[in-house]
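**Student:** Here's a sequence, model it:
(chains A and B)
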Protein chains: 2
Amino acid sequence: MPVDAKGVNGSEDVITVESSTVNGRNRAEQHPSKTKLALQAVQSLGNAHHHIYLYYCGSCTCLVRGTCSFPVAYMGDLPCRVCLSLVFTGRLVHYAKVIPPWKFWKDAKNICIMVIILLTLIDMIIYGSLKMTGYYGVRWSRVLRPLFLVNITEGRLIRRSFRSIRNTLTQVLYVFLLFLFSILMFSLMGLKLFGKRNFETSDGKPYFTNYLDILFDMYVLVTTANSPDVMMPAYDFSVWFSVFFILFIVVNTYIFMSVFLAVVYNNYKKHLKDEVKKLVRVKRYKMVKAFEILKVLMGNEYVIMQSDWNQLVRMVDPSISSSHRELLWSVSDDSQNGYIGKFAFIQLSDLLNIKVITLKSRVHPLKMCLPRLYSSAASRVIRHAVQHKAFVFFYDFIILVNAIFIGLDEENSLLSSVEWVFLGFYLLEIVLKLYTYEPRSFFARHQFWNWFDTTVIIAALLATIINMTLISTEVYNSREVLDIVFILRVLRLIRIVDSIKRFRAIINTLINIGPTMINFGQLILVVYYIFAVIGMEVFKNKIKFYNSNSSEPLSEFCGNDILKDSAFVKSKYCKNNFNNIVSSFILLLELTVVNQWHVLATGFTMVTHVAARTFFVVFHIIVVIIIINIFIAFVLEAFFVEYTVEKCDLQTSIEKKIQELDLGVQEDHIGGSLVDDMETHDNEVDSSRSSKSKSLMFKIASQRYRTVDALLQRMFEADLSPDDNGCSTDDENELDNLPPDFTFNNPGFNSA
Amino acid sequence: MPVDAKGVNGSEDVITVESSTVNGRNRAEQHPSKTKLALQAVQSLGNAHHHIYLYYCGSCTCLVRGTCSFPVAYMGDLPCRVCLSLVFTGRLVHYAKVIPPWKFWKDAKNICIMVIILLTLIDMIIYGSLKMTGYYGVRWSRVLRPLFLVNITEGRLIRRSFRSIRNTLTQVLYVFLLFLFSILMFSLMGLKLFGKRNFETSDGKPYFTNYLDILFDMYVLVTTANSPDVMMPAYDFSVWFSVFFILFIVVNTYIFMSVFLAVVYNNYKKHLKDEVKKLVRVKRYKMVKAFEILKVLMGNEYVIMQSDWNQLVRMVDPSISSSHRELLWSVSDDSQNGYIGKFAFIQLSDLLNIKVITLKSRVHPLKMCLPRLYSSAASRVIRHAVQHKAFVFFYDFIILVNAIFIGLDEENSLLSSVEWVFLGFYLLEIVLKLYTYEPRSFFARHQFWNWFDTTVIIAALLATIINMTLISTEVYNSREVLDIVFILRVLRLIRIVDSIKRFRAIINTLINIGPTMINFGQLILVVYYIFAVIGMEVFKNKIKFYNSNSSEPLSEFCGNDILKDSAFVKSKYCKNNFNNIVSSFILLLELTVVNQWHVLATGFTMVTHVAARTFFVVFHIIVVIIIINIFIAFVLEAFFVEYTVEKCDLQTSIEKKIQELDLGVQEDHIGGSLVDDMETHDNEVDSSRSSKSKSLMFKIASQRYRTVDALLQRMFEADLSPDDNGCSTDDENELDNLPPDFTFNNPGFNSA
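**Tutor:** All right, here's what the predicted structure looks like:
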């Protein structure tokens, strides 16, 4: 999707007519200025994409590597903070020049970035002066770094998620307090019941004697990380004591965690819905504004002429083919008047959000070059064979056999030569398919599995050849190349998923909710980053990893004497440390998975201070209780939408139009199952149906969305529809109802 | 709730006009036969409650203890199976006598019970003959036992859950296969990547060399039970290998488990909705039938007269006070005609489902006996003080201080005497409250916290006295009594929850969804029982627990040499065994919590056979992936209903009527928070508002439901409402649309 469509998809960034001019677009013929103005009304970010890319890259490499290097190469190897500050100061100065001052100062994001830069500068000065006088200063401003990412215009999805989470917190607080109260009570009861009984844990330590330790143990039990262990000493003594723990688990782990999920989800959804509503309102406002610019009086109502509309769509999304555009027009202008009213015009943004796949029926190049050979009987037999179901079954069988061979020992020379046979089979398949289907259709953008197959097999071929060469020359027997070969071999097997309809349906659903998951991935990464930075400040080099053949005396205790005899060392967790950003992230992921959480937490607590436990508990509360719950809830919701919601009206009307114009591709529906699969018979379209002599076909990628926003809108459609009627109010009140956050935003870079 | 109302609340059990006569109810005055018939139409189970109780108890004790004893006492100590078979055969014979044969034989449940009895008999014979010839037979029919519980009429909620789960399975299957495929692929990749690298686990065992072991390890990783451990050897070698595990966790643990939750929940809900729809249809059919019997021609439409209606309601639920009945009537007969139409009559069942609390304003008994003293200035000051907010704060403060004292060492004699002070404070509070508030209102049925307080404090008083006596007589220093004292002391602290509004709101929500949770509890118990029985057959006495001072040579290895050096023994898990039903249940609960799942599973696998792993994997799939997911989803849904759904129309109309009649109790709403709390100011009602000189007040326990069915109906109300209009079809087609399952059911016991 090109950037230009963003504005239409309901982005936060609102019209910036004053500050920008359209550059390099001279396609506007009839009413150039009007169409341009309309375009400016509906779009915002323009094509300044590479600018943002530079900023992004600059900040990303900076965040990961700690220093600037590649994108802002001339800056050399400056420390990260200096570099980041420079990048963002530059950005801010740029903004300040482009935007009128009253807008610039009303945007909370700009203020926020300025404050962060200021704080970073202060920190730099303090740190520098402390270092000069020989003291070690904590570089606390590192924690603020991720806020840069959150606060730049492009991070709007992350920002929105953060806002929703922040709004959720107050509601969660009360449940959390009650939950805490429950843990406090159970711990007190545990202390009274077991404290005087002289039980011992399996390590021989005293059991349930210190209230704070009990509290920690009980909290760990909520995470289930020490599940039967914490119970065993009491349970060994009497079966009745197990009731205490069972009650605790049922109340806190099952009921309270479900309540958390419910509360977090409910509030998150509510706030998200509000945000999406605002976005929809902004979108409609923009569309109304564009309508106001382009409208023409026709009879006694204002309308948009087809030519204006065409021009606008061409500018908004140049990648849309003219036939696709005609289809969209015929949906909007259902009665074929040559003009459309306001309501139909406003629908345009939603129309553009529906992914319509254009299937061009092209003639196979071989047919062009060698028509006689390609149409010969033998050629036709081959092509029919390839299109036959048995062809698929045959290759499924080969994949299964291959799976068995992969499982066997690869050092047997016979087996390694069998590998060549399989590679040959797979290559033959691709060649045959390319022979049968038109190559450009075969490698169309939405043909995921064709791309996947070809890439994996070509890569496997190359890797195998490289590996063979290396072995035969006996210069270097690379284990790494062999690893890649193995991975590619196994990846080949995944293809089998594509040939089972129901699997494909599930996978397509997963792909559909992919953008949402990626959005959450970003969110989690930002949170991880904050914790990683804090963790690195607090725990850096407290725990070290040595290779097994290290001569360092403390290598067995992770370089720290205190850890002797600890579960941390016994489990060989030395590599789980905060010494660099990568191992910090991996460690935080392990903490997210929760298992052995207490062993990791206790290990780090031992080498620093008891208060360090707070770090781990806070991480658990924020990431596992709040963010992962939101993730689960969101996946649930997205899945329910995929399952239950019928196609929306616009989709239906597009489909109807496609049917009417007889341009449709027949789709096979899976009876009552997951989701319509989309790549079903794409392969068969071209040649097998070319008999119908259609040069062009359309098909709707039914439940696929161009953007996360479109998915969100879809999710909350039922609640938004009442607004649908209200969208035709053309007064400026609409704008006044918008929060300032939306109206006074950073501009696009159209002027650049 | 008396049993009589069940029929009205939409039970499965349908009218049994033929087989039963109403006994001991001669209140029908005007049209005795007609009202009786109508009663029979709306009710089913009658008051044969104690019969069912006997069956239940008989089977329950049998299931738990393995033999019959208490309720069917004359049977002596027969083996459980014989006893169970006898009980259920008796029940079946009873049914066969009461129900017409064509009905009896069409009920799948009766057939099912017969088959189970037959199978049990066959098993008994086989087992007996094998035992006589000296062989040991597997008593496989024990597994069938829980099916008795599922198949009796009273287990309808469990049966419904089972049906819904069964219907869910086909949909889950495909996701499960894909999930399995993913694990197979990852395992294969793991084998290829790590198999030849000679890594070692922290126990020094070879790492990732056997495909089946890898498969098990990877499955365990899905449960997160071996989370960082399984990764560490590869991670220690190279950071890149961690990508493999992170990818695996993200794909399988997070995404697939969420998808499972989504699919399971979605299908479960769909089927449950269908079932509830059927129930609603049956309920409406019954109400229509009752209407047909009682209807009187008035003008040109059939109506129900108030007297008939009154009689019916009195019979259906004798516990409803006449004032409450009048309230309900005035809601039904909104225009005060003295009769109601069909639609209003059919609403009766829903009206009865709304819990209306009748608050009687009674005069304090002391005021009756000692009017002068009770009305004196001093007395009034006391009563005002008790009603003041400061009184609550004062006692909250005392509770907090008490919590600190409880945390301190109780062997200090000063502290133990402080305990008496606290007890005195609490007793004083109860006495003061009883002095201020009318005792019968104070101990009204819905005053949960008053009951809780009083019980706990009286119990604590008694236990403390007993404990003191035991200590002072120095005959027996009982640790058990002290335990009880401690538990009661800590329980006292829970009261503080009641004085914080938001906490009370959350707790009330939890209490509201309690019935649903209990329903699931039953379901889980049945599934646990099946697994416990299988587990006991397979693993009994393979692992034994010995006290720490046992002289048994193998006591350190759980009585089994093979377990030497295993993680199972190292973690001291010997008590986690399948040797009796109680420890089996506890073990299964530990397996449900999942942590250390692999240690437990591996331990049992070592002492039996590798195939035993299947037992644990199947348990995990069924309980954790399916049932716990449904539990979580159901709690979520119930919570969303509590949060979002407005009061339903009927509740609103009752409330309006209460307001109209000026009988309402002013309720404090918590601004936009969880749920209206119901016990808010019940205490203040009587005396403080008696100035209004009302003798009676009503209030709706807003979101509380009498039955799970009512909650379910509420949950699916939006989808059911279209049927609402269709409910007035009075032809018999309605019945024809019903599944046979509903029409031909076991009868009630009205004839007994």
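**Student:** List the buried residues in stretch A:122-136.
**Tutor:** Neighbour-count burial for stretch A:122-136, with 16 or more other CB atoms under 10 Å in any protein chain shown as criterion, is recorded at A:123-124, A:126-127. C-beta here means a position set from N, CA and C on the backbone, and glycine is covered the same way.
**Student:** Sitting in helices, which of these do you find?
**Tutor:** Those of these mapping onto helices are A:123-124, A:126-127, per DSSP state H.
**Student:** I'd like those as TSV, with pLDDT and distance to chain B appended.
**Tutor:** TSV is the format used below for these (pLDDT from 0 to 100; distance: CB to the nearest CB, whole Å):
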residue	pLDDT	distance to chain B
A:Asp123	82	30
A:Met124	80	30
A:Ile126	84	33
A:Tyr127	80	29
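**Student:** Let's verify A:Ile304: helix, strand, or coil?
**Tutor:** Assigned by DSSP: H, G, I helix; E, B strand; the rest coil, the conformation of A:Ile304 is strand.
**Student:** Just flag the most distant two among the ones in helices among the buried residues of stretch A:122-136.
**Tutor:** A:Met124 and A:Ile126 (7.4 Å; CB to CB).
**Student:** just the strands in the stretch 51-200 of chain A please.
**Tutor:** Remark: no strands are assigned in the stretch 51-200 of chain A by DSSP state E, counting those that start in this stretch.
**Student:** Surely A:Arg163 touches A:Glu275?
**Tutor:** Yes: at 7.1 Å, A:Arg163 counts as touching A:Glu275 under the criterion of CB atoms under 8 Å.
**Student:** list the contacts for the residue most central in space within chain A?
**Tutor:** For chain A, A:Ile518 is the residue whose C-alpha lies nearest the centre (CA atoms, centre = their mean; 0.7 Å). For A:Ile518, the contact set (CB atoms under 8 Å, 6 or more residues apart in numbering or on different chains) is empty.
**Student:** Assign the residue nearest to A:Phe568 when sequence neighbours are not counted to helix, strand or coil.
**Tutor:** Distance criterion CB to CB, 6 or more residues apart in numbering or on different chains; nearest residue to A:Phe568, sequence neighbours excluded, is A:Gly603 at 3.1 Å. Of the three states, A:Gly603 takes helix under three-state DSSP.
**Student:** isn't A:Gly603 right up against A:Lys572?
**Tutor:** No: when contacts are counted by CB under 8 Å, A:Gly603 is not listed as touching A:Lys572 (11.3 Å).
**Student:** Compare these two (neighbour count), which wins?
**Tutor:** Under the neighbour definition other CB atoms under 10 Å in any protein chain shown, A:Gly603 and A:Lys572 were set side by side, and A:Gly603 has more, 26 against 21.
**Student:** In terms of pLDDT, where does that one sit?
**Tutor:** With respect to pLDDT, A:Gly603 scores 88.
**Student:** Show me the shaky parts of the stretch 451-600 of chain A.
**Tutor:** A:474-478 (pLDDT under 70).
**Student:** of all the residues in it, which ones are close to chain B?
**Tutor:** Contact residues (CB under 8 Å from any CB of the partner chain) of the stretch 451-600 of chain A with chain B: A:479, A:483, A:486-487, A:489-490, A:493-494, A:496-497, A:502-503, A:506-507, A:510, A:517, A:545, A:548, A:570-576, A:582-583, A:586, A:589-590, A:593-596, A:600.
**Student:** which of those residues are buried?
**Tutor:** Applying 16+ other CB under 10 Å to those flags A:483, A:486-487, A:489-490, A:493-494, A:496-497, A:502-503, A:506-507, A:510, A:517, A:545, A:571-576, A:583, A:586, A:589-590, A:593-596, A:600 as buried.
**Student:** In helices only, show me the residues you listed.
**Tutor:** A:483, A:486-487, A:489-490, A:493, A:502-503, A:506-507, A:510, A:517, A:583, A:586, A:589-590, A:593, A:600.
**Student:** just the helices in the stretch 51-200 of chain A please.
**Tutor:** Applying DSSP state H, counting those that start in this stretch to the stretch 51-200 of chain A gives helices spanning A:80-98, A:101-106, A:108-132, A:145-151, A:156-194.
**Student:** quick check, the last one touching chain B?
**Tutor:** Going back to what we said before, that points to helix A:156-194. Yes: using CB under 8 Å from any CB, helix A:156-194 reaches chain B at A:171, A:174-175, A:177-178, A:181, A:185, A:188-189, A:191-193.
**Student:** Between the two ends of stretch A:615-626, what distance do you get?
**Tutor:** Stretch A:615-626 stretches 16 Å from its first residue to its last (CA to CA, to the nearest Å).
**Student:** what's the answer for stretch A:338-347, then?
**Tutor:** Stretch A:338-347 end-to-end distance (CA to CA) = 16 Å.
**Student:** can you pull the buried residues of that stretch?
**Tutor:** Of all the residues in stretch A:338-347, those buried under the rule 16+ other CB under 10 Å are A:339-342, A:344-347.
**Student:** Just the ones of these in strands?
**Tutor:** Residues of the buried residues of stretch A:338-347 located in strands (DSSP state E): A:339-340.
**Student:** Redo the buried residues of stretch A:338-347 as a markdown table? Include pLDDT and distance to chain B.
**Tutor:** Formatted as a markdown table, the buried residues of stretch A:338-347 follow (pLDDT from 0 to 100; distance: CB to the nearest CB, whole Å):
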| residue | pLDDT | distance to chain B |
| --- | --- | --- |
| A:Tyr339 | 85 | 40 |
| A:Ile340 | 85 | 35 |
| A:Gly341 | 83 | 33 |
| A:Lys342 | 82 | 33 |
| A:Ala344 | 81 | 31 |
| A:Phe345 | 84 | 34 |
| A:Ile346 | 79 | 29 |
| A:Gln347 | 77 | 28 |
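**Student:** Let me know the closest of the buried residues of stretch A:338-347 to A:Arg281.
**Tutor:** A:Ile346 (11.9 Å).
**Student:** isn't that closest one right next to A:Val288, touching?
**Tutor:** Yes: if you go by CB under 8 Å, A:Ile346 and A:Val288 touch, sitting 6.8 Å apart.
**Student:** Sounds good, over and out.
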